[in-house]
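Peer 1: I would like the atomic coordinates for the input below:
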Amino acid sequence: MAAPLIPIVILAAGGLVAFAMSKKAGAAPLSHGQGGPPQNTGDKTRVTGESGTSWEVKLIKQKSDGAKVYDVIAPSGTFGPHADFPVLQYEVGTNGLRTFVKSYNGVSPSILDKALSDFPMVMPGSTAVPSGAKVAPAGSTAAPSAPAILAQPAKVTKAAITAQSPGQPQVPDEPEMPLYLREALAKALAGLGVNEYGQLTGPVDKGAIQAATSTAAILESAGFPGEAKLIRDYVRNASVRVPSPPKAEQVPLPGLPAEWQDKVNRMIAMERDPKKLRALAEALRMLPSNPQTEAAIEMLETLAAQQEELQTAANAMGQVEEVIKSPGLPPVPYEPPPEPIVVPPKPAPPTPAPVPKSPVEMAASDMRTHLLTAQRNLGMAAAKKKYDKNVVLRFQRAAGIDQDGKPGPGTMLSLASYESDLPLVMFWPVSANRNRVQKYRNDLRAMAARSSEPRASELRQSAARESGQGGIVQAGPALT
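Peer 2: This next block holds a predicted model:
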């Protein structure tokens with residue numbers, strides 16, 4: 001059976017390189033030449049190194065002094081589902097000595113190490129010919145054969161490459177990622193719609209963003225900040241495809257501009273990294289204190305605590321799984337199970353306190369209740385005479401619309417931003433006809449199409465009930 005491949009995608013300045021981490025239990029190392037003689041594939045030559053890895057060597061240019069510059073390329077599929085990508089570049093002088101030129105951006109340390117072990121070379125400026133190196137005759141412009149190249153002793157290491165760039169700190173290798181984290185990483189990328197080439201291809205929803213941000217936090221806490229940053233980069237691009245929560249579901253935050261209110265509510269809805277949730281809570285504490293902001297802070301703290309518990313449980317379960325799957329464990333003698341210990345159930349985390357309604361939401365609720373009651377108890381004709389004009393004025397003032405005290409179609413459409421089971425329009429413009437009623441119905445249906453259930457169904461029902469009962473006197477086409 002083929003070894004499982006868990007795709008890992010690394011984003012770097014030089015481009016997007018997809019590779020896979022794979023463990024092949026019991027696989028013997030390939031000796032030099034086990035892959036057969038070098039194969040010429042057009043302008044590339046394929047060779048197999050001591051590590052058993054297949055590479056392609058491509059001539060890039062020939063210098064005026066006879067030296068030749070080559071690229072070492074990882075063929076497609078060598079390290080997982082990826083296309084061809086260059087790993088490093090070297091130069092072969094007329095003496096046959098291979099000299100390191102550069103490594104390409106975005107190549108993982110493990111792949112670079114493997115290439116350096118299969119293609120030993122010296123650093124630029126070295127004049128020593130390593131013992132055992134195949135040296136071409138003086139004046140020859142031919143590069144050494146692939147077996148001769150692979151036989152040269154290693155002189156370049158990752159540390160030496162790092163030392164070439166003053167001021168660049170040497171970054172230690174990350175530890176090998178456990179299987180449970182590799183599986184979580186692959187699942188998070190798949191949920192975001194990332195294909196094997198590192199491209200966002202499919203639709204993404206709020207749940208996928210939540211799972212990805214939670215996975216990023218778990219990876220970072222386990223010592224894999226590079227992979228955590230990778231997921232967050234994809235989340236940043238994928239989240240723009242997810243719509244903001246409906247206004248009726250957003251947490252009102254007095255003192256913040258509307259644009260920032262939307263950003264904060266998007267973060268509350270989709271972010272599940274406990275550090276980021278607590279950072280947002282601290283930022284909100286700098287706002288003037290009010291019940292709505294305090295409720296939002298409490299909600300963020302509760303979410304952060306829940307995610308921290310999930311992190312602890314995931315890491316513990318993963319470590320148990322790694323121990324169980326590791327080879328060489330001695331057999332465990334059977335012992336009869338002890339008497340079960342009854343552990344009281346852990347209390348559920350406290351439910352976040354309901355967020356108080358804003359002034360405009362309270363005014364909208366009051367107007368809806370008052371008008372529905374008047375229309376149902378008195379009928380339209382009597383309700384138009386006896387409704388409380390001040391109730392309508394309070395809503396119009398809070399919503400920032402024209403204040404005439406009349407519940408007309410414009411006022412009702414504003415009410416639909418906060419309520420969904422609407423009263424009938426009580427006052428229509430004198431010039432209104434059935435076309436105007438049809439437009440009002442269509443506007444409500446458009447709002448329903450952008451809403452979630454049960455709000456969407458209630459808006460459609462409100463549109464279906466409206467036929468101009470409040471006083472349409474001019475004819476027009478039949479309502480649809």
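
Peer 1: which sections of the chain are below the confidence cut-off?
Peer 2: 1-42, 95-96, 125-175, 196-199, 322, 325-335, 343, 473-478 (pLDDT under 70).

Peer 1: Give me the domain ranges for it.
Peer 2: Split into domains by automatic domain parsing, the chain comes to 6-20+33-163, 179-311, 364-465.

Peer 1: could the ones you listed be laid out in a markdown table, adding mean neighbour count?
Peer 2: Bear in mind the C-beta positions are built from the backbone N, C-alpha and C, glycine included. Formatted as a markdown table, the domains of the chain follow (neighbours: other CB atoms under 10 Å):
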| stretch | mean neighbour count |
| --- | --- |
| domain 6-20+33-163 | 17 |
| domain 179-311 | 17 |
| domain 364-465 | 17 |
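
Peer 1: Next, format those as CSV and append distance to residue 318.
Peer 2: Below are those laid out as CSV (distance: least, CB to CB, whole Å):
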stretch, distance to residue 318
domain 6-20+33-163, 14
domain 179-311, 4
domain 364-465, 35
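
Peer 1: need the contact list for residue 58.
Peer 2: In this structure, residue 58 makes contact with 43-45, 70-71, 73, judged by CB atoms under 8 Å, 6 or more residues apart in numbering.

Peer 1: repeat that for 6 Å
Peer 2: Neighbour list for residue 58: 44, 71, 73 [criterion: CB atoms under 6 Å, 6 or more residues apart in numbering].

Peer 1: quick check, nearest of these to residue 336?
Peer 2: Residue 336 has its nearest neighbour among these in residue 73, at 60.7 Å by CB to CB.

Peer 1: can you confirm the closest one is in a strand?
Peer 2: Yes - the assignment for residue 73 is a strand, going by DSSP: H, G, I helix; E, B strand; the rest coil.

Peer 1: Tell me the bridge partners for it.
Peer 2: Taking DSSP bridges as the rule, residue 73 bridges to residue 56, residue 86.

Peer 1: Surely it and residue 56 touch.
Peer 2: Yes - taking CB atoms under 6 Å as the definition, residue 73 is a contact partner of residue 56 at 4.2 Å.

Peer 1: State the helix or strand in which residue 212 lies.
Peer 2: Residue 212 belongs to helix 206-221 when assigned by DSSP states H and E.

Peer 1: Sorry, slip of the keys, the one I care about is residue 309.
Peer 2: In this structure, residue 309 is located in helix 291-325 according to DSSP H and E.

Peer 1: same deal with residue 263?
Peer 2: Using DSSP H and E, residue 263 falls in helix 258-270.

Peer 1: packing partners for that helix?
Peer 2: helix 206-221 (3 or more CB pairs under 6 Å, 6 or more residues apart in numbering; DSSP states H and E).

Peer 1: Skip ahead from the helix it packs on and say which helix or strand is next.
Peer 2: The C-terminal neighbour of helix 206-221 among helices and strands, as given by DSSP H and E, is helix 225-238.

Peer 1: Skipping adjacent residues, who's closest to residue 399 in space?
Peer 2: Distances taken as CB to CB, 6 or more residues apart in numbering put residue 414 closest to residue 399, at 5.0 Å, once the chain neighbours are dropped.

Peer 1: To clarify, my last question referred to residue 358.
Peer 2: residue 252 is the one closest to residue 358 (CB to CB, 6+ apart), at 4.4 Å.

Peer 1: Run a quick check on the one you found versus residue 292, I expect a contact.
Peer 2: Yes - if you go by CB under 6 Å, residue 252 and residue 292 touch, sitting 5.0 Å apart.

Peer 1: what ranges do the helices span in the stretch 1-150 of the chain?
Peer 2: For the stretch 1-150 of the chain, the helices defined by DSSP state H, counting those that start in this stretch occupy 109-118, 146-151.

Peer 1: residues contacting residue 55?
Peer 2: Going by CB under 6 Å, 6+ apart, residue 55 touches 47, 72.

Peer 1: let's see 8 Å
Peer 2: Contacts for residue 55 (CB under 8 Å, 6+ apart) come out as 46-49, 72-75, 78, 87, 115, 118-119.
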